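> Here is a sequence with its predicted model. Questions after.
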Amino acid sequence: MTDRDVELLAVGAGPSNLALAVAVEELGFDGLAESSLVIERGAAVQWQEGLLLPWAKSQVAFVKDLVSLRNPRSEFSFLNYLHSVGRLDDFINMGNFSPFRVEVSGYFGWVAERLTKVRVETGRECVGVEPVLDSAGTPQGWLTRLAGGDTIHSRYLVIGAGRDPYIPPVLSDLPAARVIHSTQYRRRVAQLSRELPYRVVVVGSAQSAAEMVRALQTDLPNADITWVMRSIGLRAYDTNKFTNELYYPSFVDKVFEALPEGRAQILREMHRTNYSGIETDLLADLYGDFYLDRLSGRDRKRLVTMADITAAREAGDSAVLELSDRRTGERDELRPDVIFLGTGFVREMPRLVRDLGARLGLDRIAVTRRYRLVAGDPAGAACYLQGVNEATHGIADSLLSVLAQRGADIAHDILAHRLASTEAEAYEPDVAVAGRPAPPR
């Protein structure tokens, strides 16, 4: 077991913290980059590992990479990655703004290896964070505990490990071997026999469920697939050139500064542009698959809409799911061997953040416009949250669109904190308070 000190520790080597690492290196803050560490629990830096399917595409334009919207001349751009690996001509010739997901994941791994000052360490799982308090109970640092017993002390902590997968409570008592969340898909499906005629249920009506349904036709070619959802049917994302402007980094200010009722409307209407929908080309491919099934008389895929799973239990060599038809009230049963969940993520803050908030005695988790956790009186340390601030910063907070600018926002806020006096009375976080907009910056 080891105990070491860094000035900045970022938990999770996903795109959020990689964008921060690039910003810290490029902005040249005195000594900060050399004393910064990014830790990743996985064995390698990968993006959306569970659904890293060979045909899946990013739904975000390639120029919304880790850096280009902040510094289009950066050596860490996606285009420079393509040039460095000899694929720039081919990518241009493809004529599509949306790269394949495996290529975006490769880009993130390339950035992690290309960093020269900020260190990235894989196989380092964070199991808990504790504040280091002075005699007045004010945070002066953070103690991060890793699996295996190692610890890391830091003055600045950035949590960018994503939200916790959502497992519907009705399914929580089933054996883990039967239930596979989309974040585990690739690893878990590889453990199943391609030859067996599994009875499979896929739950959910959005992109992750759709991708699993398509992938299962190849990964488990003899499977009988039932796709269950509460909605009336499948639909495409509600996107167009006008709604895409709501994902500009500059729109974050408008969301954060809005009155509560205005922000609620923004979040409600933007929800349809990113959630409960499927990419248009994938929808067309799936419809073709279902059509060909009917044409050939195979009938190995079924779509069950407007259905609630009201109970689940084990029975012999299968699970039993009780379904209730939302339209008629009729009840039915399914007996799947395996259940795949495209149910997304828990909406509340990740457990790691909630546990830290409890240790700090916080009544609620709130961040400033520049993503700093609001922890009471001015402190000698600061913690930042990435990708979990939709309620105050907008739907784009969990997406790639704002990464480059957000990394710079956090880096500059760390610089401001470092330069502030120990009293820090002149620095007032711009916290959104219910009932009124934040003060101007």
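Yep, it's here.

> Where does the prediction get shaky in the chain?
421-441 (pLDDT under 70).

> tell me the SS of the residue positioned nearest the centre of the chain?
Centroid-nearest residue in the chain, with Cα atoms, centre = their mean: Gly162, separated by 4.7 Å. Here Gly162 takes the coil state, with states given by DSSP: H, G, I helix; E, B strand; the rest coil.

> residues contacting it?
Gly162 makes contacts with Gly12, Gly14, Phe345, Pro350, Gly387, as judged by Cβ atoms under 8 Å, 6 or more residues apart in numbering. The way it works is simple: take the backbone N, C-alpha and C, and place the C-beta from them, glycine included.

> So if we follow the domain assignment, how does the protein break up?
3-164+346-419, 169-237+277-341 (automatic domain parsing).

> got the end-to-end distance for the first one?
Using Cα to Cα, to the nearest Å, one end of domain 3-164+346-419 lies 27 Å from the other.

> how much distance is there from it to the middle of the chain?
Distance, stretch centre to chain centre, for domain 3-164+346-419: 11 Å (Cα atoms, centre = their mean, to the nearest Å).

> burial of Glu113, as a residue count?
Number of residues near Glu113 (other Cβ atoms under 10 Å) recorded here: 9.

> That one: what's it in contact with?
Contacts of Glu113 were listed using Cβ under 8 Å, 6+ apart, and they are Val120.

> mind checking which helix or strand it is in?
For Glu113, the enclosing helix or strand under DSSP states H and E is helix 101-114.

> List the buried residues in that helix.
Arg101, Val102, Glu103, Val104, Ser105, Gly106, Tyr107, Phe108, Gly109, Trp110, Val111, Ala112 (16 or more other Cβ atoms under 10 Å).

> Could you double-check that the first one lies in contact with Gln46?
When you say that, I think you mean Arg101. No - contact criterion Cβ atoms under 8 Å: Arg101 and Gln46 do not qualify, at 10.0 Å.

> shared neighbours of those two, anything?
Leu52.

> Now do the SS call for the nearest residue to Ser182 once chain neighbours are set aside.
Of all residues not flanking Ser182 in the chain, Ser208 sits nearest, at 4.0 Å (Cβ to Cβ, 6 or more residues apart in numbering). At Ser208 the chain is in helix, as set by three-state DSSP.

> Ser208: neighbour count?
Neighbours of Ser208 (other Cβ under 10 Å): 23.

> Next one: it relative to Leu51, how far apart?
Using Cβ to Cβ, to the nearest Å, Ser208 is found at 6 Å from Leu51.

> Give the residues shared as contacts by the two.
Each of Ser182 lies in contact with both Ser208 and Leu51 under the rule Cβ under 8 Å, 6+ apart.

> Touching, Phe29 and Ile414? I think so.
Yes - counting by Cβ under 8 Å, Phe29 does reach Ile414; the two are 7.5 Å apart.

> Looking at the two, which has the bigger crowd around it?
Set Phe29 next to Ile414 and count neighbours by other Cβ under 10 Å: Ile414 wins out with 25 against 19.

> wait, doesn't that one sit right on Ala382?
Yes - the pair Ile414 / Ala382 is scored as a contact, 6.9 Å apart, by Cβ under 8 Å.

> Mutual contacts of the two, please.
The overlap between the contact sets of Ile414 and Ala382 (Cβ under 8 Å, 6+ apart) consists of Tyr156.

> on that earlier part again, make a markdown table out of the domains of the chain and add distance to Thr243.
Formatted as a markdown table, the domains of the chain follow (distance: least, Cβ to Cβ, whole Å):
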| stretch | distance to Thr243 |
| --- | --- |
| domain 3-164+346-419 | 10 |
| domain 169-237+277-341 | 9 |
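
> Pick the most deeply packed of these.
Highest mean neighbour count among the domains of the chain (mean count of other Cβ atoms under 10 Å): domain 3-164+346-419, with a mean of 19.

> Show me the strands in the stretch 1-150 of the chain, by range?
Along the stretch 1-150 of the chain, the segments classed as strands by DSSP state E, counting those that start in this stretch run 3-11, 36-40, 119-122, 126-133, 139-146.

> could those go into JSON lines alongside distance to Val374?
Shown next, in JSON lines, are those (distance: least, Cβ to Cβ, whole Å):
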{"stretch": "strand 3-11", "distance to Val374": "19"}
{"stretch": "strand 36-40", "distance to Val374": "23"}
{"stretch": "strand 119-122", "distance to Val374": "28"}
{"stretch": "strand 126-133", "distance to Val374": "14"}
{"stretch": "strand 139-146", "distance to Val374": "12"}
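
> Find the residue closest to Ser154 in space, skipping its chain neighbours.
Leu9 (3.8 Å).

> let me redo that: Pro336
Nearest to Pro336 is Val201, by Cβ to Cβ, 6+ apart, at 4.1 Å.

> got a list of contacts for stretch 292-312?
Counting by Cβ under 8 Å, 6+ apart, 168, 170-171, 173-174, 203, 213, 217, 223-234, 289-290, 319-327, 331 sit against stretch 292-312.

> give me every residue that touches Asp289.
Contacts for Asp289 (Cβ under 8 Å, 6+ apart) come out as Arg214, Gln217, Lys301.

> Just the element for it, please.
Assigned by DSSP H and E, Asp289 belongs to helix 280-296.

> what element comes up after that helix heading to the C-terminus?
Going down the chain from helix 280-296, the next helix or strand is strand 301-304, by DSSP H and E.

> then stretch 22-39 to CSV, C-alphas only?
What follows is stretch 22-39, C-alpha atoms only, in CSV (Å, rounded to 0.1, in the frame of the first residue of the first chain):
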residue,chain,number,x,y,z
VAL,A,22,-5.4,18.7,-22.1
ALA,A,23,-6.5,22.1,-20.9
VAL,A,24,-4.2,22.0,-17.9
GLU,A,25,-1.3,21.1,-20.1
GLU,A,26,-2.0,23.6,-22.8
LEU,A,27,-2.8,26.6,-20.6
GLY,A,28,0.5,26.2,-18.9
PHE,A,29,-0.5,26.9,-15.3
ASP,A,30,2.6,27.1,-13.1
GLY,A,31,3.5,23.6,-12.0
LEU,A,32,-0.1,22.3,-12.0
ALA,A,33,0.2,19.9,-14.9
GLU,A,34,3.3,18.2,-13.5
SER,A,35,1.4,17.6,-10.2
SER,A,36,-1.8,16.3,-11.8
LEU,A,37,-3.0,12.7,-12.1
VAL,A,38,-5.9,11.1,-13.8
ILE,A,39,-6.9,7.6,-12.6
